[in-house]
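Asks: Just to be clear, the model below is a prediction. Sequence and coordinates:
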Amino acid sequence: MRFAPREIILKDGRTCILRPTAPEDSEMMIHYMKDTAGETEYLLRYPDEVTYTVEAEREILGRILDDPSSVMMVAIVDGRVAGNCSISGIGSKRKILHRCSMAIALYREFWHLGIGTAMIACLAELAREIGYQQMDLEVVEENTQAQALYAKCGFIESGRRHRALRFDDGSFHDEILMYREL
């Protein structure tokens, strides 16, 4: 989905631009995915699992940009990617058309500046415009910092998937399911 870029002022006074990702962002998004996956174990992928080519990522970003039921947003600070987030429908059956799934990640150096809160607020607004009535997400049980952000943004815990993730060290981790009514 295309939307007008938005400018926010961060807690440290810098300006952040929230805008749709576009095909020309493909190379920087590949680097971002690899880098952020290496900064925390709480994302679904490891850095070596980011194997997209620039051309494949360009196609994916173009498809999302033209999809009226999905949003992918990038946060730009000082000309650099600070983070990104997205929403997409969870299925095409009428009984679940009211729900979308949300994902978000930021480079560690941009944590605690208000970017995550602003991106989630913007996503919620765009989700309502699309016609979604509920936003869902999953978060690793140990990721209490993200859980606090989500609760601050109106998400409520609704359940748990036991042993949902198996890390490379062999440990299992639960996922907490959260939702927010729009």
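Replies: Thanks, I have it. Numbers count the residues shown, from 1 in each chain.

Asks: For stretch 138-152, buried residues please.
Replies: Glu138, Val139, Val140, Glu141, Asn143, Ala146, Gln147, Leu149, Tyr150 (16 or more other C-beta atoms under 10 Å). C-beta: built from backbone N, CA, C; applies to glycine.

Asks: Does the second one touch Asp174 like I think?
Replies: No: contact between Val139 and Asp174 fails when scored by C-beta atoms under 8 Å: they sit 9.9 Å apart.

Asks: And the spatially most central residue of the chain, how far from Val140?
Replies: Nearest to the geometric centre of the chain sits Ile104, at 2.1 Å (C-alpha atoms, centre = their mean). Here Ile104 is placed at a distance of 13 Å from Val140 (C-beta to C-beta, to the nearest Å).

Asks: Same question for Glu41.
Replies: Counting by C-beta to C-beta - Glu41 and Val140 are separated by 8 Å.

Asks: cool, Cys153 as well?
Replies: Cys153 is 17 Å from Val140, by C-beta to C-beta.

Asks: in this structure, which spans are strands?
Replies: Using DSSP state E, the strands of the chain run over residues 6-9, 15-20, 71-77, 80-89, 99-106, 134-140, 156-166, 172-181.
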